[in-house]
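Undergrad: curious how this folds, go ahead:
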Amino acid sequence: MLSSIANRSIIHKACRINRRNAFCHSHTISGKTPGTRWLASSSIAFDTSKAKSTPDFSDPGSAHGSKSTFEIVRAIGVFQACRIPLIVNNAERLLNLSFRILGKRLTNTLMKHTFFKHFCAGENRLEMKPVIDKLQANNIGPILDYAAENEEDEGGSTSGAFEGLTTQPPFNQPARIYDYKSEKQCDHHVEVFKECIRSVRDVSPNGFAALKVTALGNPILLERMSTIIVEVKKFFAMMDDKNTGFISRDDFLRCYDRHFHRDDQDALEETLEFLDPKNNEMIDYISFAKMLTPYTLSSFTLKCKDIGPLAMVTPSDDEIVLMKKISERLHILAEEAAHCGTRLLIDAEHSKYQPAIDSLALELQQKFNAKDTTDRPVIFNTYQCYLKDMPSRMVRDVKRAERFSFHFAAKLVRGAYMVHERKRAKSMNYSSPVHESIDDTHRCYDECIKILLQHRKEHGPGLEMMIASHNKQSIERTVQLMAELGLDSSECTVHFAQLYGMADNLTFTLGLHGYNAFKYLPYGEVHEVLPYLLRRAQENGDMLGNAGAEVNLLMKEFKKRLFRS
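TA: Got it, this is the predicted structure:
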């Protein structure tokens, strides 16, 4: 035991010595972005035999050896509290009760030195630095995540009532109201995310910054965009009665003549040339969706013979302007990330927003992940594997990346909004998009990983993936499959990520064995981050409630120190 502790100490010390070399590659947008390896393999930093062996995720020293005794005691206390259903299920009520009795200042102070300190990196760059330094000393990179949340309330409105700009709707749609003040708030969030990107650059050029698209645009508008995208997909499916993803030119023209006035033959010929540039008489969904976007739909529905589903979802001119503003904000942040050598993770959100988010992420990927301008992806989109249609959606996006020659980059998660999705599906009387059982979700997650790893093996560089999971079995399967496929753990192909304050036995052990390990680091002022902490408790109650293995490892490390002293 003493020998293994000494060996780990030597490895950690060597990693600290070489940390500057491993993390100080600079990246610019002039020419190609260098395809440097994160933590390039080093005989000094890693024991080669360890890097090739299967990691042991049950070693308390690997998981918690770098923590102070106080941090271990605090972690045990936090996890034990999170295992009490009465606390987790009533967390918001208890917090509000504390506000009334103790006041907000004292309550926030207590939260900061307990739950906040355990699950969050800090309120600002200064507070985050020691946390990031400690992680990097253990071969773990940071993913900075500004965790202030500003979502819809139960009544369907958003905080900061949307009033001020009333759009004139096409056809017989109701007027929709958007707020200039909220637009200003979105512009403010751009500056916040810019600061996050620069912070990553300063502490770890190969790190990630995470962002939520709902912070950059009115969520009601994002839901409108999603509705448009879904209706376009349904329109194509109506023509594609065999569900092949392809329709013939004749099928398209028959449908066009049935629903639209053919008053401009030249424009129609241009449309056909766009949809079928190789003139092979076939049109696929990827081309169709690229043509019929929320920005362009109105130019088609103006020619509608009748007011159907597509006409009903057509955005007004004012809405199109606001939609383009969301895209512009994202492009500003992507430009900043490319310039800083930082990669952006686009977080997944509620399914009512996700089609719009996917579409916006695709816009960014086609530009900033283009293979003729960069050797590695800048933009990662997130795929929630508790959704039943995820494998087919992911495969379609991989094909899209191949067609338009950009790096495919995905973060795979199981999903964070299960309760919300099922509740909304029930209230609106549609089939739940979420798998019925956790076993089905596990199978979907592992299937998606296998699809991407096999594609990487067959097609070489051009695909990166992040396994964002606390499931030990999924991590072990991924590591095993990487070995079977001959994928080097030191290459920037597969990244592993867990939330800060959780699953340290996975993250720290992966880092020790030379894998690309990362921690998701939520940050922000305590009062801003409290909604995040409450959601994390509610959405991950089962995971936290079953944190017995985590507590056991912490207790083993704590007892070892007691006996050693």
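
Undergrad: report pLDDT for N546.
TA: Model confidence at N546, given as pLDDT, is 51.

Undergrad: nearest residue to the middle of this structure?
TA: Centre of the chain computed as the mean C-alpha position; nearest residue by C-alpha atoms, centre = their mean is D347, 3.0 Å away.

Undergrad: nearest spatial neighbour of that residue, skipping sequence neighbours?
TA: Among residues not flanking D347 along the chain, K212 sits closest, at 5.0 Å (C-beta to C-beta, 6 or more residues apart in numbering). In this view, the C-beta of every residue, glycine as well, is placed from N, C-alpha and C.

Undergrad: mind giving me the packing neighbours of the strand or helix carrying V395?
TA: Following DSSP states H and E, one finds V395 within helix 390-403. Under the contact criterion of 3 or more C-beta pairs under 8 Å, 6 or more residues apart in numbering; DSSP states H and E, helix 390-403 touches helix 285-291, helix 354-368, strand 379-384, strand 408-413, helix 438-459.

Undergrad: which one of those lies closest to E335?
TA: Nearest to E335, of all these, is helix 354-368, at 7.9 Å by C-beta to C-beta.

Undergrad: could you list the residues in contact with the closest one?
TA: 213, 222-223, 225-226, 229-230, 293-294, 326-327, 330-331, 334-335, 337-338, 344, 346, 348-349, 374, 377-379, 381, 384, 393, 397, 400-401, 404, 406-409 (C-beta atoms under 8 Å, 6 or more residues apart in numbering).

Undergrad: next, the angle from that helix to strand 408-413.
TA: 140 degrees (axes from the mean of the first three to the mean of the last three C-alpha atoms, to 10 degrees).

Undergrad: re the thing from before, touching, the residue nearest to D347 and E349? I think so.
TA: Yes. Counting by C-beta atoms under 8 Å, K212 does reach E349; the two are 6.5 Å apart.

Undergrad: and S392, how far from K399?
TA: Distance of S392 to K399, computed by C-beta to C-beta, to the nearest Å: 11 Å.

Undergrad: between those two, who's got more neighbours?
TA: Each of S392 and K399 had its neighbours counted (other C-beta atoms under 10 Å), and the higher figure belongs to K399 (14 against 10).

Undergrad: from F79, how far off is the more buried one?
TA: K399 is 43 Å from F79, by C-beta to C-beta.

Undergrad: ok, now V529?
TA: Distance of V529 to F79, given as C-beta to C-beta: 19 Å.

Undergrad: by mean pLDDT, point me to the weakest helix or strand of the chain.
TA: None of the helices or strands of the chain scores lower by mean pLDDT, DSSP states H and E than helix 2-23, at a mean of 38.

Undergrad: and this protein, what are its domain boundaries?
TA: With domains defined by automatic domain parsing, the chain comprises 2-51+120-218+324-542, 230-312.

Undergrad: where does this structure have low pLDDT?
TA: The chain contains residues with pLDDT under 70 at 1-53, 148-181, 489-492, 535-547, 565.

Undergrad: can you rerun that using 80?
TA: For the chain, the stretches flagged by pLDDT under 80 are 1-54, 83, 88, 147-181, 204-206, 416, 489-492, 532, 535-548, 564-565.

Undergrad: at which residues are the strands of it located?
TA: For the chain, the strands defined by DSSP state E occupy 140-146, 165-166, 177-178, 208-211, 246-248, 282-284, 343-346, 379-384, 408-413, 463-468, 494-499, 516-523.

Undergrad: and for T114, nearest residue in space, chain neighbours not counted?
TA: Excluding the flanking residues, the one nearest T114 by C-beta to C-beta, 6+ apart is V78, at 6.4 Å.

Undergrad: over to L364?
TA: Using C-beta to C-beta, 6+ apart and skipping residues adjacent in sequence, the residue nearest L364 is I379, 4.5 Å away.

Undergrad: the one you found: how many residues sit nearby?
TA: Other residues near I379 come to 25 when the count uses other C-beta under 10 Å.

Undergrad: same thing with E281?
TA: 9.

Undergrad: gap between it and D251?
TA: From E281 to D251 the distance is 10 Å (C-beta to C-beta).

Undergrad: overlap of the contact sets of the two?
TA: Residues touching both E281 and D251 (C-beta under 8 Å, 6+ apart): none.

Undergrad: mind listing what K371 touches?
TA: Neighbouring residues of K371 by C-beta under 8 Å, 6+ apart: S405, F406, H407, G462.

Undergrad: what's the burial count for the closest residue in space to A81 that isn't next to it in sequence?
TA: Nearest in space to A81, with sequence neighbours left out and distances taken as C-beta to C-beta, 6+ apart, is I87 at 5.7 Å. I87 has 13 neighbours, counted by other C-beta under 10 Å.

Undergrad: if we can go back for a sec, quick one, phi psi at the residue nearest to D347?
TA: Backbone geometry at K212, expressed as degrees, to the nearest 10, gives phi -110, psi 130.

Undergrad: what is the burial count for it?
TA: K212 has 21 neighbouring residues, counting by other C-beta under 10 Å.

Undergrad: again with the one 5 residues further on
TA: The criterion is other C-beta under 10 Å. On that basis, G217 has 26 neighbouring residues.

Undergrad: again with D375
TA: Counted with other C-beta under 10 Å, D375 comes out at 15.

Undergrad: same question, D488
TA: Neighbour count of D488, defined by other C-beta under 10 Å: 15.
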